[in-house]
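**Student:** predicted model follows, preceded by the sequence.
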Amino acid sequence: MSMKGESSSKQGEEISVFVLVTTFEGDFHGALFEVKLDRRGQVMGGCGATQPPLLDPVARFFEKDCNIPEFYTFGGVCICNKLYLLLSSGSDIGPCNDDDEITTPKKPDSLNGYIFDIKTRALVKFSPPKASKSSGTVIHAYEKIYFLLDPFCFPCEPEDSFERYDPINDSWESLKPFPYSEDWATTKITGHAVYDGSILFSIYGRRQPAVMAYHENRDYWEPIKVEDFCWSGKALVVGNTMYALSLQPGEVIAFSVITDQTDEGHAAFSLGKPLLLSGMEIKFPPNPSRRSQYLAHLGGLEFCLVQSGFTYKDNYRQPLSITTFRIEEGNNIKILHSAVRDVDIEGFSGFLVSFCFTHTVP
């Protein structure tokens, strides 16, 4: 898909939006769903019907009798039609206080990485990280996968708290750790962005919102000048502007990236004041709880917002809202389509949206 601002609908292709979810209770730990969009950004599959068919999973991951902790979180990235899955071991290993009993961390071989092939539907293992992470952020950047332990895990961070995986060589290497300290112990990574040789991390908690940059070529961390704001999930970069979800459900923000140079000739970033984009209209059942969301890039200035939440009206269905939109002149949102597909949750008690990605259908 193009990154130059033209509409993805001009490409003459259908697009599949894949949605990775983390499930609660039941017989398995996670699932992958597929929603197809036509060339106009319209959601396909009977959304105009009075009672659209239930959305069935493309794949279910990890039955409960597998060697996976009871509490865990999913992280995923997609590279060349392959979904790389990493699992964080949840409350099994932290965070902890001095008075807490510290449990033994899960060994890496009990938390393998997995690759799901979008085309063949095959699931295979890849080499696990050197250290399990009680809560981690998984990022695809510069043809590799980065896995970072959340700051709130201090002081129980493992030695290999920040790692990078090379898919070509199936190998992990340890990187310079995040500057963990008591100042960061009540914070969590809410979002990230990949930009100009660096990875920017949005961090929120009891302290003032902050952004930290990891410079990939120098293996170096530094704080970024930023207005008082955070974003959620992956910020999508078009030119020198980033588009992302705010921490409020359904809000899309835009902010500029300003690049300067240090005296040593290195890049130094600052982020401009965020602008809340107007025009977002989402089809969604009223008053959902535990709403989760993710923003996928369709190409140019077109995006797809995927949301879900609990409505408690039907124990066997959970709504999945899909909203496609274009950002037009004046940073106004034009809705292309907004629809709801129900997911059959019989066998588990619900799910959270963990990650979304697109795949072009010729």
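**Tutor:** Thanks, I have the structure now. Residues are numbered from 1 along each chain as shown.

**Student:** what's the local residue count around residue 278?
**Tutor:** By the criterion of other C-beta atoms under 10 Å, residue 278 has 10 neighbours. The way it works is simple: take the backbone N, C-alpha and C, and place the C-beta from them, glycine included.

**Student:** so in terms of bridging, what pairs with it?
**Tutor:** Beta-bridge partners recorded for residue 278 (DSSP bridges): residue 332.

**Student:** run a quick check on residue 275 versus residue 254, I expect a contact.
**Tutor:** Yes: contact criterion C-beta atoms under 8 Å: residue 275 and residue 254 qualify, at 5.0 Å.

**Student:** more crowded one of the two?
**Tutor:** More crowded of residue 275 and residue 254, by other C-beta under 10 Å: residue 254, with 17 against 13.

**Student:** for the more buried one, helix, strand, or coil?
**Tutor:** Here residue 254 is recorded as strand under DSSP: H, G, I helix; E, B strand; the rest coil.

**Student:** need the strands for the stretch 101-250 of the chain, in chain order.
**Tutor:** Ranges of strands in the stretch 101-250 of the chain, per DSSP state E, counting those that start in this stretch, are 113-117, 123-126, 136-141, 144-149, 162-166, 171-174, 187-195, 198-205, 210-215, 220-224, 232-238, 241-245.

**Student:** and those as a markdown table, adding mean pLDDT?
**Tutor:** Formatted as a markdown table, the strands of the stretch 101-250 of the chain follow (pLDDT from 0 to 100):
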| stretch | mean pLDDT |
| --- | --- |
| strand 113-117 | 89 |
| strand 123-126 | 89 |
| strand 136-141 | 91 |
| strand 144-149 | 92 |
| strand 162-166 | 95 |
| strand 171-174 | 95 |
| strand 187-195 | 92 |
| strand 198-205 | 92 |
| strand 210-215 | 93 |
| strand 220-224 | 92 |
| strand 232-238 | 92 |
| strand 241-245 | 95 |
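
**Student:** mind putting these in CSV, mean neighbour count included?
**Tutor:** Below are the strands of the stretch 101-250 of the chain laid out as CSV (neighbours: other C-beta atoms under 10 Å):
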stretch, mean neighbour count
strand 113-117, 18
strand 123-126, 14
strand 136-141, 22
strand 144-149, 23
strand 162-166, 20
strand 171-174, 15
strand 187-195, 21
strand 198-205, 21
strand 210-215, 20
strand 220-224, 14
strand 232-238, 21
strand 241-245, 22
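
**Student:** same list, these, but as JSON lines with distance to residue 61 please.
**Tutor:** Formatted as JSON lines, the strands of the stretch 101-250 of the chain follow (distance: least, C-beta to C-beta, whole Å):
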{"stretch": "strand 113-117", "distance to residue 61": "7"}
{"stretch": "strand 123-126", "distance to residue 61": "8"}
{"stretch": "strand 136-141", "distance to residue 61": "15"}
{"stretch": "strand 144-149", "distance to residue 61": "18"}
{"stretch": "strand 162-166", "distance to residue 61": "19"}
{"stretch": "strand 171-174", "distance to residue 61": "21"}
{"stretch": "strand 187-195", "distance to residue 61": "23"}
{"stretch": "strand 198-205", "distance to residue 61": "26"}
{"stretch": "strand 210-215", "distance to residue 61": "29"}
{"stretch": "strand 220-224", "distance to residue 61": "33"}
{"stretch": "strand 232-238", "distance to residue 61": "20"}
{"stretch": "strand 241-245", "distance to residue 61": "25"}
